[in-house]
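> Could you look at this predicted model? Sequence included:
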Amino acid sequence: MSVVLEVQSLTKGFTMHHLNSYLAAFSDVSFDLNAGEFLLLKGHNGAGKSTLLRTLYRTYLAQSGQALFHSQHGVIDLLRAADVDLALLRRSEIGFVTQFLVARPRVSAEALVAEPLRRAAWDTASAQQEARHWLQAFGVKQSLWRAYPTTFSGGEQQKVNLARALILPQKLLLLDEPTASLDAGARAALVARLAELKSNGTAMIGVFHHPDDVAHLIDRVIDLTPEAQQNKEVPDVVV
Amino acid sequence: MSLSSLTKPWQPMSYGFLDASAKREIRRKMLKAVAVPGCQMPYASREVPMARGWGTGGLQVSLTLINPKTCVKVIDQGADDSVNAASIRRFLAQVSGAPTTLDTLKANLIQSRHRIPEEKLTAHQTLVLQVPNPEPLRSVQPNMSIARQMHGDADYGRMWLQLYEQIVRSGRVMQGASYPAMVNGRHVMTPSPIPRWDVPKLHMAQHLTILSAGREKRIYAVPPHTRVEPLVFDDVPYRVEDHGDLTCHRSGARGFFMNEIPLPDGSAAHEISDSEYGVKTIRTRDGEAVETGDTWYINGLIEDAT
Amino acid sequence: MTLTLNPPRLVATDALLQISNVSKSYGAVNAVRDVSATVYPGEVLGIVGESGSGKSTLLRMMNLEEIPDSGTYTLDLPEVSGNLFDLDRFARRMLCAKRIGIVYQNPHLGLLMDHTSSGNVAERLLVAGERRFGELRARAQDALAASEFPLERLDDPPRDLSGGMQQRVQLAKAIALEPALLLLDEPTTGLDVSVQALVLDTLKRLQQERQITMVLVSHDLGVIRTLADRVMVMRRGQVVEAGLVDQIFQDPQHPYTQQLVHAKL
């Protein structure tokens, strides 16, 4: 198995200047992730699970450590890579899946879903066809495909978001509670898509409130609760 | 050596009215103007016994160029007999002793306001045009410092924009007289308020044209055989006034620029604007042997100079 | 405390815009102090900061309207090389006319209020040498349509238009020649909130469709967040923080940025 990500001594905290205080999120987290591997982050609320995902995605800036990502262009430290390199990786190799859709006014659901493909230089017709396939798979009603998701209900927006986030296979996928408040049909579609991506070699790091849905995909678990972190000898639990 | 041996004897006035240094300055500025066709050259613009706005710019150029052998013709709106033309002609003759004429063919120096004669000018002739406003950019750029910079940069986008606006708002280019023209592919000039009819006569002409604005103190020139191209869009051709089909009610001449004479019944008659050409036509019709030159327009159409 | 970032390694294309160590003072006031910025093709760089932070001065430098006391500026275009601040007035003007589009906050700066709207757009094409009336008209119309300007008002002068419409005319003028770089100086400031959203929306759509490289200056974080990929935060003529737009908004590092972001949310 080829390594996708090597995280070493990752530490993240927040300095709040107006309070003159520092809030530690997690410290000294290390792990490796191989292609096709699914890593579950666990820990109580506030243990820093989502923070870890965002730190790897560079929405948050780390304090110290290293996160070596084996991109198709070579190995690069996600924590120190230039902003434009990160932007490039986000377009082509690293996906981030949340439950929230960033809809844009007057962009139809199918155009929004097709966008990652268009950026990857797919032609309009096949990108549209693929987008429709995934809207269908996640159970978005056909009558909504050409409508603007800004007006959709939360549930429908979430499905559009998943279709968009998962349409293009990525090398690394960061999953931040994508199943929360999802209906059963869409959840099944999501799990099926994740399984498919995983078998095709996508490495995943996930935060799930209810990991049962994806239990069969999980290869390893990292516990971010401070006690577990202090006791580093505890081996990764294989479910 | 005494002062009197070094100076000329006192005279009531200089030859050609202007003093030698004024004439030298204007000569220099004319040479510069000829060297950079269409580019406005500033000059001092002296006082002459005539009010600003009545052709003082043209007069100073004529006074500088004139000598006792120069045959002078002066026209105003095409007519030799208007008060202004007659006064200037008489004044030029008085201060220089030069002969005067009404005949375009005989003249060496033609000072004109608002027209170019219908008979072709030749290499031995100089046309002096009186210019009220020498700056073609004035309507688009009131700041003259910036306008000069625009000339320097050949930045004529605003001129073109003005034409665009006229076509959009009125369906055609509304500019009548003073139609802006590109000289030698470089400087846009205003050809003084000659009608659109006369602008093509400057293009690749054999004669030298000096344009001079007395109030604004600017001289510019169109040397012989120089391109003068009115600003026009490639797909909206330049149009001269629709005078090609009009007939002069006095001389019967047809296909020339006409003055409109309103008649009591509300209709209008037309009379040829170039008065001396009209006279020649009448005299020819009456059987006199009058020498008439080639005209720029034949049957109302200009012959292509290029 | 946080890690310093490395220079780009993965992005293979050259930066389109590179402005380095520019400083400009007006008398005793240091409007811009040692500022550098890089913009890659297809990117939107946001510059945020309060009034007097130097962000507009920096943008005017990018439009070559303002020449700094020191510093260099390059654009990766075939027709130019070297420090653009060294170009003479004529070369600067031609470069700006043909390659750089700008939308000002104040439409009076960018538009001829008494000319027609289509004429305002056509002027750009005229400067670039277009001499066919039909072509001018068609291309002005296309640019106005792309800016979602109502074509029935094509020949109305900007002085008769609403603020939002005036900005659309400015935008059409700016994109008429398909510029390599589009500069936006507070493009929606002063508009009604609903109009603001529509203009932003048009900008976003144009950016998505044409991949136009943009530099956007605004004091409005919402505008920056909607359009920008990366953000530079300026204060008192200096850059205090720069980063990806989501990082600046969600994990601001500098006290000033934190204050700015928290004031917004």
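Nice, thanks for sending it over.

> Point out the residues in the stretch 1-150 of chain C that sit beside chain A.
For the stretch 1-150 of chain C, the residues in contact with chain A (Cβ under 8 Å from any Cβ of the partner chain) are C:1-11, C:38, C:40, C:43. No exception for glycine: its C-beta is placed from N, CA and C like everyone else's.

> how about 6 Å then?
Residues of the stretch 1-150 of chain C lying near chain A by Cβ under 6 Å from any Cβ of the partner chain: C:2-3, C:5-11, C:40.

> And those, which is the shakiest by pLDDT?
On pLDDT alone, C:Thr2 ranks lowest of the residues of the stretch 1-150 of chain C next to chain A, at 67.

> ok, back up a step: counting neighbours, which of the residues of the stretch 1-150 of chain C next to chain A end up buried?
Buried members of those, counted by 16 or more other Cβ atoms under 10 Å in any protein chain shown: C:5, C:8-11, C:40.

> would a markdown table of those residues with distance to B:Arg115 and secondary structure be doable?
Compiled in a markdown table, these are given as follows (distance: Cβ to Cβ, whole Å; DSSP: H, G, I helix; E, B strand; the rest coil):
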| residue | distance to B:Arg115 | secondary structure |
| --- | --- | --- |
| C:Leu5 | 74 | coil |
| C:Pro8 | 69 | coil |
| C:Arg9 | 74 | coil |
| C:Leu10 | 73 | coil |
| C:Val11 | 67 | coil |
| C:Tyr40 | 62 | coil |
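
> among those residues, which two are most distant?
Greatest spacing in these, by Cβ to Cβ: C:Leu5 and C:Tyr40 (14.7 Å).

> Output the set of residues of the stretch 151-265 of chain C in proximity to chain B.
Counting by Cβ under 6 Å from any Cβ, the residues of the stretch 151-265 of chain C near chain B are C:Asp155.

> which residue does the stretch 151-265 of chain C bring closest to chain A?
Going by Cβ to the nearest Cβ, chain A is nearest to C:Pro255 of the stretch 151-265 of chain C, at 3.7 Å.

> quick one: the helices in the stretch 151-300 of chain B?
Along the stretch 151-300 of chain B, counting by DSSP state H, counting those that start in this stretch, helices occupy B:157-170, B:199-202, B:275-285.

> cool, and chain C?
Here chain C has its helices, by DSSP state H, at C:55-62, C:89-99, C:107-110, C:117-127, C:133-146, C:163-175, C:193-210, C:221-227, C:245-250, C:255-264.

> what's the closest of those to A:Gly206?
Nearest to A:Gly206, of the helices of chain C and by Cβ to Cβ, is helix C:245-250 at 19.7 Å.

> Pass me the low-pLDDT residue ranges in the chain, would you?
As the question left the chain open, I've gone with chain A. Along chain A, segments meeting pLDDT under 70 span A:1, A:227-239.

> hmm, I had chain B in mind actually
Per-residue confidence for chain B (pLDDT under 70) gives these ranges: B:304-306.

> and it, which residues reach chain C?
Counting by Cβ under 6 Å from any Cβ, the residues of chain B near chain C are B:153, B:157, B:160-161, B:164-165, B:168, B:233-236.

> Buried only: go through the residues you listed for me.
Among those, those classed as buried by neighbour count (16+ other Cβ under 10 Å) are B:157, B:160-161, B:164-165, B:168, B:233, B:236.

> Any residues of chain A in contact with chain B? List them.
Within chain A, no position is adjacent to chain B by Cβ under 6 Å from any Cβ.

> what about C:Arg168, how many neighbours?
Using other Cβ atoms under 10 Å in any protein chain shown, C:Arg168 has 27 other residues around it.

> What residues does it make contact with?
C:Arg168 sits next to C:147, C:149 when contact means Cβ atoms under 6 Å, 6 or more residues apart in numbering or on different chains.

> residues in contact with C:Thr202?
By Cβ under 6 Å, 6+ apart, the neighbours of C:Thr202 are C:Glu148.

> ok, 10 Å please
The contact partners of C:Thr202, taken as Cβ atoms under 10 Å, 6 or more residues apart in numbering or on different chains, are A:106, C:146-149, C:164, C:167-168, C:171, C:187.

> Tell me if I'm right that A:Val221 and A:Lys42 touch.
Yes - with contacts defined as Cβ atoms under 10 Å, A:Val221 counts as touching A:Lys42 at a distance of 5.6 Å.

> quick one, strands of chain A?
For chain A, the strands defined by DSSP state E cover A:3-16, A:21-34, A:38-42, A:64-71, A:74-77, A:94-97, A:172-176, A:203-207, A:220-223.

> now do the stretch 101-250 of chain B
B:109-113, B:126-130, B:181-183, B:187-189, B:208-213, B:218-222, B:228-230 (DSSP state E, counting those that start in this stretch).

> Now render the ones you listed as TSV, adding mean neighbour count.
As requested, the strands of the stretch 101-250 of chain B are arranged in TSV below (neighbours: other Cβ atoms under 10 Å in any protein chain shown):
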stretch	mean neighbour count
strand B:109-113	25
strand B:126-130	26
strand B:181-183	22
strand B:187-189	22
strand B:208-213	27
strand B:218-222	27
strand B:228-230	20
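
> quick one on the thing from earlier: need the helices of the stretch 151-300 of chain B in JSON lines (columns: distance to A:Arg119).
Output for the helices of the stretch 151-300 of chain B, formatted as JSON lines (distance: least, Cβ to Cβ, whole Å):
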{"stretch": "helix B:157-170", "distance to A:Arg119": "37"}
{"stretch": "helix B:199-202", "distance to A:Arg119": "56"}
{"stretch": "helix B:275-285", "distance to A:Arg119": "74"}
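
> Would you mind finding the most buried of the ones you listed?
Among these, ranked by average contacts under mean count of other Cβ atoms under 10 Å in any protein chain shown, first place goes to helix B:199-202 (a mean of 24).
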